[in-house]
Structures are given as structure tokens and as C-alpha cells.
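Undergrad: Sequence plus predicted model, see below.
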Amino acid sequence: MSVPFENGVEDVPQYDPEILKQIDFSKSVAQYDPPISPEHPGENLIMRPLCLGDYDRGFLQLLEQLTRVGDLTREQYTARFNQMKNCADNYYVTVLEDTETNQVIGTGTLVKEIKFIHDASARGRVEDVVVSNQYRGKQLGKLLVDSMTLLSEKVGCYKVSLECRDPLVKFYSQFGFIRESNQNYMMQKWWN
């Protein structure tokens, strides 16, 4: 599948763009002032799936504002993009693009982990949410988290979770996330 993109050139989305249009944003519990939505994120902004051409629109540089990315070549990016696209029912990498600059200025990911439990359902995880320094303070991070959370229900997840540092607990609470007092998050890391 390809979609029309800048100047009529076609680009390949990582997942079907129609899925974003099916999010029931009326279920959002977060407050937006001024109002914004996935369909209207702001002047000259669009929300859409990650596209293959986003390698040239600053996607990897944006992720560098969140964490270490590494020196991915176009070939490495393309291979990983295609790998995720082939599992499109499990990865929903979503971006905000400034259509004036043709730059990716925000991103968030919903990962759908399929399970045997809960009637062979799935669990969602919201990950890799970042908004470019120049666009912060416009509720765009909030919009990305909210959209990925609502998308998790749309694609059949029985629950959705995320990881956050203590200072961000209040921020994520506005979307209905709660801290489980009897849960411990533990990890091992081999890469910083």
C-alpha cells in the first residue's frame, strides 16, 4: 500500500492510515486547551503512520532527543521499517509532521503484544513518545499518548501500560493510567 505524499510522490506507511481515523477520541479523558485532536493536531500539523520516507524527514534525529539511536544507515532503517511493517498488527509507529517544513516533529509508538491469556487477547505498551524541542508546550506529547492509548483499545488490547519516571506519574494519570502498588518493574540493560 502507498499513500500520496509531498508533491504527489507516493510513500509507504508502516500501518494502514485509516486506523488512526477510527480512534474514538470522544473517549479521551484528558483536557485540551485549546482543543486539538488526531484529525486536527494544530496549524500545519498532521498525525499519520510512520512512512518509509521519514528517514529524510528527521525521524531518527527526533528520536535522538529521547534516547541514543545510533548511526542507522538508510539500509538499516529500511530493513527495520519493513520488518515492523510485516508485523503491522503489532507495531503502530505514529508521527506528527509539520507540513510547512516537511519534518517529523513528534512520535509515539503502540506495541501490541499478543497473548494466550484473556481469551487470546493482547496487551498494549505505549513507548518512544517524544516531541521536538521547538514544538513542546503545544499539548502534542499529550495528544500522542492519548491517541496511542485510545488506539490500543481500537486494536483489541485488554490493557495498555507504559513506563515512566516518578516526576511524570501525574502527567500520565490524566489519561487514566494508575500506578500499581503491588507491581515492580524490573529490567536488565545491555545498552545505554
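TA: Thanks, I have it.
Undergrad: contacting residues around Leu150?
TA: The contact partners of Leu150, by C-beta atoms under 8 Å, 6 or more residues apart in numbering, come to 23-25, 27-28. For glycine as for every other residue, the C-beta is placed from the backbone atoms N, C-alpha and C.
Undergrad: Is it in a helix, a strand, or coil?
TA: helix (DSSP: H, G, I helix; E, B strand; the rest coil).
Undergrad: measure it to Val160 for me?
TA: Computed as C-beta to C-beta, to the nearest Å, the Leu150 to Val160 distance reads 9 Å.
Undergrad: Give me the longest strand you can find in this protein.
TA: strand 103-114 (DSSP state E).
Undergrad: Residues in contact with whatever helix or strand comes next after it: which ones?
TA: Beyond strand 103-114 in the direction of the C-terminus, DSSP states H and E gives the next helix or strand as helix 117-120. Contacts made with helix 117-120 from outside it, assessed by C-beta under 8 Å, 6+ apart, are listed as 114, 158.
Undergrad: gap between the helix or strand that helix 117-120 is followed by and the chain center?
TA: The first helix or strand that comes after helix 117-120 along the chain, using DSSP H and E, is strand 122-131. Between the centre of strand 122-131 and the centre of its host chain there is 6 Å, according to C-alpha atoms, centre = their mean, to the nearest Å.
Undergrad: still on that earlier bit, quick one: which of the contacts of Leu150 is the most crowded by neighbours?
TA: Ile23 (23 neighbours; other C-beta atoms under 10 Å).
Undergrad: Pretty sure it sits in a strand.
TA: No - residue assignment for Ile23, taken from three-state DSSP, gives coil, which places it outside any strand.
Undergrad: That one and Met47 touch, don't they?
TA: No - if you go by C-beta atoms under 8 Å, Ile23 and Met47 don't touch, sitting 9.7 Å apart.
Undergrad: So for the two, which residues contact both of them?
TA: Taking C-beta under 8 Å, 6+ apart as the contact criterion, the common neighbours of Ile23 and Met47 are 38, 147.
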